[in-house]
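>>> Need coordinates for the following:
(chains A and B)
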Amino acid sequence: MKRVARDSEASARRVTRRALLLGGGMAAMFAALGYRMRYLGVEQADEFRLLAEENRINMRLIPPTRGVIHDRNGKVLAGNEQNYRVVMTREDAGDVETVLNRLSHVIPLTRSDIADALDGLEKNSPFVPITVKDRLDWEEFSRVALNAPALPGVTPETGMSRVYPRDTDFAHVIGYVGPVSEKDFEGVENPDPVLRIPKFQIGKIGVEKWLEDTLRGEAGTKRIEVNHIGRVMREIDRIEGTPGADVHLTVDAGVQNFIQARMGEESAACVMIDVTNGDVIAAVSSPSFDPNLFVRGISNSDFRFLMDHDHRPMANKAVQGAYPPGSTFKMVTALAALEDGAITPETTFRCPGYYDAGGRKFHCWRRGGHGPVNLERSLMESCDVFYYETALKVGIDKIAEMGRRLGLGQRHDLPMSAITEGNMPDKAWKLERHKAEWRIGDTINASIGQGYVLTSPLQLAVMTARIASGKAIKPRLVRAIDGQEVPVEPAESIGISTSNLTAVQGGMVAVMNGKSGTARSSRIVAEGLQMAGKTGTAQVRNISAAERAAGVISNDQLPWNRRDHALFVGYGPAENPRYAVAVVVEHGGGGSTAAAPIARDALLRAIYGAVPPLEAYPSDQRGRMESLLNGLVLRGDDGRLPPASDT
Amino acid sequence: MSFLEYRVKTAPTGFSKVFALNWALVLVVTAVAAIGWLMLYSISGGRLEVWAEPQMKRYVLGLVLMFVIAFTPIWFWRSMSGMAYAISMILLLIVEFFGTVGMGAQRWIDLGFMRLQPSELMKVTLVMALASYYDALDDKKISRPLWVLVPVALIVAPTVLVLMQPNLGTSIMLLVVGACVMFAAGVSFWYFGAVLALVVGAVASVFLSRGTPWQLLHDYQYARIDTFLNPAADPLGAGYNIIQAKIALGSGGWAGKGFMQGTQSRLNFLPEKHTDFIFTTLGEEFGFVGAFSLLILYGLILVFLIWAAVQNKDRFSQLLIIGVAVNFFLYLAINLSMVMGMAPVVGVPLPLLSYGGSATLVIMLAFGLVQSAIVHRLR
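I've put the predicted structure just below:
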């Protein structure tokens, strides 16, 4: 056997040599591994530590509590209420369908509720809680809690949701909140991260929208530890957010409710302003809608009903409705002419029932004419021809300038949606807008608030407040934020001479209290509370010559949407003006019959601070007023309606 | 060497073999295994029965196996080499055609009490076969082409089978281990130089041809190679594991987050944390200090092995020990470089730490052979 060679010293040495060579290679690799360990664990440690923390820790936002909106007396207009809901997690439920089936015996679940829940449970990770049913009442909620042992994976939870206790009364002023939509992020740089919270709600219209930043508050944060699939393991710490600031508005919930009820089913609007400081006491638009429906997610049929309603409940007519002011505009024409010196309070024009402007006849509302008319009578009896003559003397530009001075043709800055600018036309405007010369007929139409003139009830109320006070009253809606009063700047004088103002005010008093005043039937007889006002009736159609020849059809015989708008502006008490009010009743017919009574009642309600006593009314109206006032369904202090009586 | 020679030169017999064992090696190996149990206990969230306990049982079984093999004379194992290699090949063929599908590849045979991976077994039996081949080969023939081809065939046959499973990590290991044994046996440097040049040339031409008209592979194949070589480019897919592993290791810092405090492993960000990626938990919880300590223990084991090979005068024993050492080194070197982001991810466990039966038992079996060589060496 040839053992020698294999066992030779030389052979063994070679193997040893090569073994050591391999060992050297291994040592080199070990050095590399050791160096890499040092690099990762020592040099790069801080970076990787950060990454590990990012892996493990998630920031979650805690939604802030939204600020509460109060009226001027502290009554809650928009608040937050506990919302009871039932959530379910797939992994704890096990057999999801069986559990849902059992749950449907405990609380009412529709087929689509179950389908949605199944869908949500299916699509999400097994540990993600899915809301099965929202807005349970307390009884249902406790039933679920009671049956918990039979309902694995089902958890009753509480959350906060927005509620409007005076539902329809403030729908247009307060607006409502709704879930954040993609549109809300458009054009916003660095949107508040709180908006990314699922189901977070923000103001969509009205005060809720315009004071969003004030009401929202700031989100808190909590840091939670999650595992690789995002399951929450524990909460590490939390920083509480700042709740939104409470807001006190200038509106009076009682007055608002009274006016809303008083308007009934009319398509109407009413704005009342405190003459002394511009506080908006009421801004009513009728009919209204329940904003709570929108918070909960309005059903398709409810939404269709609101959209298809010919009285347009969704529109905020008080600030966004633009109407021809009709005769309520006559004070503007009169003041422009008086200030210009074109007329004096004693200037008299003869009204034959029409005005002949170069062959074209412009009629007075009284076919037979008023005969000789001065300023006071022109307002009291609302003679149109007087204003045709006056307007032609002073010219449209001066009238428009006066209109703007009184608050027309401009957007008053209130935190409400779609506030209209209205329209206060002049020559320049027509040239630009219609590319046409201003004509005599335009001036004649404008002088009595027809034609191109458009005003909102808000503007009319501001105009009235300025006439009543002689000051440039600016409307305001927010009285205090977070307990801090919003300062009111003392209004400057409007710059109209006292004698001219007094003359016009006298005419407005005569409208209500004069023997032939157009709104005499709506006068107030209580001592010292007499009001001043002006009626208006705005045509929404052209009366053709043929119609006129055949005798103008009375409003009652026309279809509703072709009837005249009824308008009224007024203030009271006349001696010491406190409130200015403007009322528009769409297609209500005459201002004296449809609008003035509402304005009077609203004024009395505000002055008395309660449903007005019958003594304030003329004795012959007391019987009718008693049943009318008693018939109003008004809310209690808590905002609730009284239980319906069976009578 | 023959039995007779051993008798003449007096190798220890009977109970005295116990004293001839390299106990230091046993101690270090056990220490490393204990680190593994500790980590498995931590990863399972403080429960023994999940991973730590079965792994302990396997280790004890492996230890018994090691002693049994160690006390059996080395010449018996030498004479069994051919048989062992043949059996491994047959088992490999069986899993190739009848094996249970596990982890997407046909790799193991279910023996009831454990799952046997023939490819793991092959790592040792290949070394035995090569060692006995060179033990029998005339010294002068070692570098002759014909006699070089025989071991090459012995290496390539199982490598191809394992590659078909497909198990890239183990194929590479078989190839490199075989080459290292041949190298240690004294095969001329020129062969290795030529093969190395060939491989480098092939790889270079594949990469250099990219984007040229004579491109050797399809674009999608290059894309696959890219993700394989640089998983970080695909952080949510192939790169996820390696990124999370690096985060775990790095965030451990100097001294670690503390036993059972590793957020990456406890919160399940780490993949395969009880098997191939077990080192990351060690690094996270015990930091650089813990990780480097393990590296030192591994180094110690390799020093013991190389030293035992150098001291031994029997060529079969020498080559066997070298083969086992290279094997052990490759396990840990591939695993650690892959976990630390230095190499692409291939499925190679960390020896003695990763949860798993086959690898542990095969390693203990290999150490048994080494101990047998130490006990029965010529003095």
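
>>> What residue in the stretch 101-250 of chain B comes nearest to chain A?
Closest to chain A within the stretch 101-250 of chain B is residue B:250: 2.5 Å, counting by Cβ to the nearest Cβ. For glycine as for every other residue, the C-beta is placed from the backbone atoms N, C-alpha and C.

>>> so that residue touches residue A:45, yeah?
Yes. Contact criterion Cβ atoms under 8 Å: residue B:250 and residue A:45 qualify, at 5.6 Å.

>>> what stretches of chain B score poorly on pLDDT?
B:1-10, B:99-107, B:111-113, B:231-232, B:234-238 (pLDDT under 70).

>>> Verify the stated contact: residue A:246 with residue A:70.
Yes. Between residue A:246 and residue A:70 there is a contact under Cβ under 8 Å: 6.7 Å.

>>> now the nearest residue to residue A:94 once chain neighbours are set aside: how far from chain B?
In space, and not counting its chain neighbours, residue A:94 is closest to residue A:152: 6.0 Å by Cβ to Cβ, 6 or more residues apart in numbering or on different chains. Counting by Cβ to the nearest Cβ, to the nearest Å, the gap from residue A:152 to chain B is 24 Å.

>>> The helix or strand containing residue A:433: which residues count as buried?
Element membership of residue A:433, judged by DSSP states H and E, is helix A:427-434. For helix A:427-434, a neighbour-count test (16 or more other Cβ atoms under 10 Å in any protein chain shown) marks A:427, A:429, A:430 as buried.

>>> from the residues you listed, which single one is nearest chain B?
Nearest to chain B among these, with distances taken as Cβ to the nearest Cβ, is residue A:429, at 62.3 Å.

>>> Skipping its backbone neighbours, what lies nearest residue B:266 in space?
residue B:45 (6.9 Å).

>>> ok, and the one you found, which helix or strand is that part of?
Under DSSP H and E, no helix or strand contains residue B:45.

>>> quick one, what contacts residue 349?
Going with chain A. A:372, A:373, A:378, A:385, A:386, A:389, A:390 (Cβ atoms under 8 Å, 6 or more residues apart in numbering or on different chains).

>>> not quite, I wanted chain B
B:275, B:276, B:331, B:335, B:356, B:359.

>>> residues contacting the last one?
Looking back up the chat, that one is residue B:359. B:117, B:120, B:331, B:349, B:351.

>>> Go again with 6 Å.
Contacts for residue B:359 (Cβ atoms under 6 Å, 6 or more residues apart in numbering or on different chains) come out as B:120, B:349.

>>> again with the fourth one
Residue B:335 makes contact with B:348, B:350, according to Cβ under 6 Å, 6+ apart.

>>> how near is it to chain A?
In terms of Cβ to the nearest Cβ, residue B:335 sits 10 Å off from chain A.

>>> after the helix or strand hosting that residue, next one along is what?
Assessed by DSSP H and E, residue B:335 sits inside helix B:315-339. Heading C-terminal from helix B:315-339, the first helix or strand you meet, by DSSP H and E, is helix B:357-375.

>>> from the chain's centre, how far out does that following helix sit?
What separates the centre of helix B:357-375 from the centre of its chain is 12 Å, taken as Cα atoms, centre = their mean, to the nearest Å.

>>> try stretch A:363-376
The chain centroid and the centroid of stretch A:363-376 are separated by 42 Å, computed with Cα atoms, centre = their mean.

>>> Buried residues in it, which are they?
For stretch A:363-376, a neighbour-count test (16+ other Cβ under 10 Å) marks A:363, A:364, A:365, A:369, A:370, A:373, A:374, A:375, A:376 as buried.

>>> Return the residues in contact with the second one.
Read it as residue A:364. Residue A:364 touches A:351, A:353, A:384, A:385, counting by Cβ under 6 Å, 6+ apart.

>>> how near is the third one to chain B?
Look at residue A:384 and chain B: by Cβ to the nearest Cβ, they are 79 Å apart.

>>> my guess is residue A:185 meets residue A:191, correct?
Yes. Residue A:185 sits in contact with residue A:191 when judged by Cβ atoms under 6 Å, with a separation of 5.3 Å.

>>> Do a quick rundown of the strands in chain B.
B:100-102, B:105-110, B:115-116 (DSSP state E).

>>> Please consider this matter closed, and thank you.
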